[in-house]
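# kindly return the folded structure for what I paste below:
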Amino acid sequence: MEAGGKPTKLMKTRECTDEEIESQVKGLESLQGGSFAAAFLVGCGERAIAPLRSFLVNGRPRGIYQPRQLAVETLAELGATDVLLEYLENPVPIKDAVVRMGEDAVRSTAARELGRWPREEVFGCLMRFGSNHLLPGVIETLGKFRRLDTLPYFLWALGDGVCRSYAEDAIRALGEAARPVLVEAVNAPEPSADEENASSIQRRRRILRILADLKITANEWGRLRNLLAANDPDMAVTTCRIALDFAPEPDKWTAVHRLIEMLPHADWFLRTEARTALVGHYDIAQEPIQKEIERRIQVDGNAQALDVVLRLLVNLRSQAVETGFAKR
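All right, here's what the predicted structure looks like:
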């Protein structure tokens, strides 16, 4: 393979007969001998492309998808981008869920292999294919282009459990240029604020976490301020973290009070994030934390012993004193 992802002309180790090539294409079906067959076909050079194309494009998808996946990888080694593009441009509808899942793995591999050739025709094919398919390989390859017109696809993928991490990586790679679109998207629950579905909640959670690692402008913070009151603990805590880093002073105070308010409703991970944020801004958090500690120690001893929030705040205060954040 030459620099820049252009395939080199493959050297044939020896002349292969048509019968041998056909036999080795069938040999891809062997889960044990498939790798040997693939290596043999690569050694046969361009003459292996047509039989492999027939195997992939005309072959029947099945639940055992590894042979077709191996055919895709072999075609990629042979530089047969036109076959991989043809395969993705003509997806076959599959009713059986198991077969469809297997074929999606093959399609994802084809999309990932096409990432070797970051050309406009590859981008166009994957954008068209991706309009109806959420697959990790499509996201990975489109992410390599670092184009803003891929953002709607990545935002859609953020709501998918399998594709979420790939989409987040792709969005982060876009950097600051993605920020205005993300601010708009995080304020767009689907289908509505009152009936938001689980996928939309997950999407907005991840968007906020991406925004927390970017530099938010004053105008953008104005679009995010309303999320301090979000009912979802994850969104509320992350918005508070953003506020403590980028918001004006009054909103920082609101964020501190909101973080303390959300502690009983947060899981261990969110409590850890909230604690880190409060310690890092203890100059404004000290007084509200002290008041909350005093309020909680007014209850009877048994309740105090079970109060994990009280223990967290007391430990947080001790940490702030030890590290020099607390006022003496």
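# going by C-alpha atoms from here, please, whenever you check contacts or count neighbours.
OK.
# quickly note the distance from Ala243 to Gln69.
In this view, Ala243 and Gln69 are 47 Å apart by C-alpha to C-alpha, to the nearest Å.
# the more surrounded of the two?
Ala243 (25 against 22; other C-alpha atoms under 10 Å).
# what's stretch 287-303 in contact with?
Val256, His257, Ile260, Gln304, Leu310, Leu313, Val314, Arg317 (C-alpha atoms under 8 Å, 6 or more residues apart in numbering).
# Ala37 against Glu22, yeah?
No. Judged on C-alpha atoms under 8 Å, Ala37 makes no contact with Glu22 at a distance of 10.3 Å.
# where does this protein dip in pLDDT?
The model of the chain has pLDDT under 70 over residues 1-14, 301, 303, 324-328.
# tell me where it has strands.
For the chain, strands defined by DSSP state E do not occur.
# map the structural domains onto the sequence of it.
Split into domains by automatic domain parsing, the chain comes to 1-132, 146-208.
# for Leu313, see how far away the residue most central in space within the chain is.
For the chain, the residue sitting closest to the mean C-alpha position, by C-alpha atoms, centre = their mean, is Ser165 at 2.4 Å. Using C-alpha to C-alpha, Ser165 is found at 32 Å from Leu313.
# more neighbours, Ala37 and Glu22?
Ala37 (23 against 15).
# excluding its backbone neighbours, what's nearest the more buried one?
Gln24 (5.0 Å; C-alpha to C-alpha, 6 or more residues apart in numbering).
# wait, isn't that neighbour in contact with Leu41?
Yes. Counting by C-alpha under 8 Å, Gln24 touches Leu41, with 6.9 Å between them.
# which one of the two is surrounded by more residues?
Legend: neighbour count by other C-alpha under 10 Å for Gln24 and Leu41, higher for Leu41 (29 against 23).
# next, the contact list for the more buried one, please.
Ile21, Gln24, Val25, Ala48, Thr74.
# check contacts around Val83.
So Val83 contacts Arg53, Leu75 (C-alpha under 8 Å, 6+ apart).
# now Arg205, nearest residue through space, not along the chain?
Per C-alpha to C-alpha, 6+ apart, closest to Arg205 is Met235, 5.5 Å.
# distance of the one you found from Arg172?
Counting by C-alpha to C-alpha - Met235 and Arg172 are separated by 18 Å.
# out of the two, which sits in the more crowded spot?
Met235 (23 against 19).
# what distance do you get for Asn187 to Phe154?
Taking C-alpha to C-alpha, one finds Asn187 at 16 Å from Phe154.
# which one of these two has more residues nearby?
A count of neighbours by other C-alpha under 10 Å puts Phe154 above the other of Asn187 and Phe154, at 25 against 15.
# nearest spatial neighbour of that one, skipping sequence neighbours?
Once flanking residues are discounted, Phe154 sits nearest to Ala167: 5.0 Å by C-alpha to C-alpha, 6+ apart.
# contacts only, for that neighbour.
By C-alpha under 8 Å, 6+ apart, the residues touching Ala167 are Ile139, Glu140, Phe154, Leu155, Ala157, Leu158.
# most neighbours, which of those residues?
Going by other C-alpha under 10 Å, Ile139 tops those with 29 neighbours.
# my guess is it contacts Leu155. True?
No. Assessed by C-alpha under 8 Å, Ile139 is found out of contact with Leu155, at 10.7 Å.
# how many neighbours does Gly59 have?
Gly59: 11 neighbours (other C-alpha under 10 Å).
# same question for Gly175.
Counted with other C-alpha under 10 Å, Gly175 comes out at 14.
# check the one 5 residues further on too.
Here the neighbour count serves as a burial measure; for Pro180 (other C-alpha under 10 Å) it reads 13.
# okay if I get the contacts of stretch 287-303 as JSON lines plus neighbour count and distance to Asp96?
What follows is these, written out as JSON lines (neighbours: other C-alpha atoms under 10 Å; distance: C-alpha to C-alpha, whole Å):
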{"residue": "Val256", "neighbour count": "25", "distance to Asp96": "51"}
{"residue": "His257", "neighbour count": "16", "distance to Asp96": "52"}
{"residue": "Ile260", "neighbour count": "20", "distance to Asp96": "49"}
{"residue": "Gln304", "neighbour count": "15", "distance to Asp96": "56"}
{"residue": "Leu310", "neighbour count": "21", "distance to Asp96": "53"}
{"residue": "Leu313", "neighbour count": "20", "distance to Asp96": "53"}
{"residue": "Val314", "neighbour count": "16", "distance to Asp96": "56"}
{"residue": "Arg317", "neighbour count": "22", "distance to Asp96": "57"}
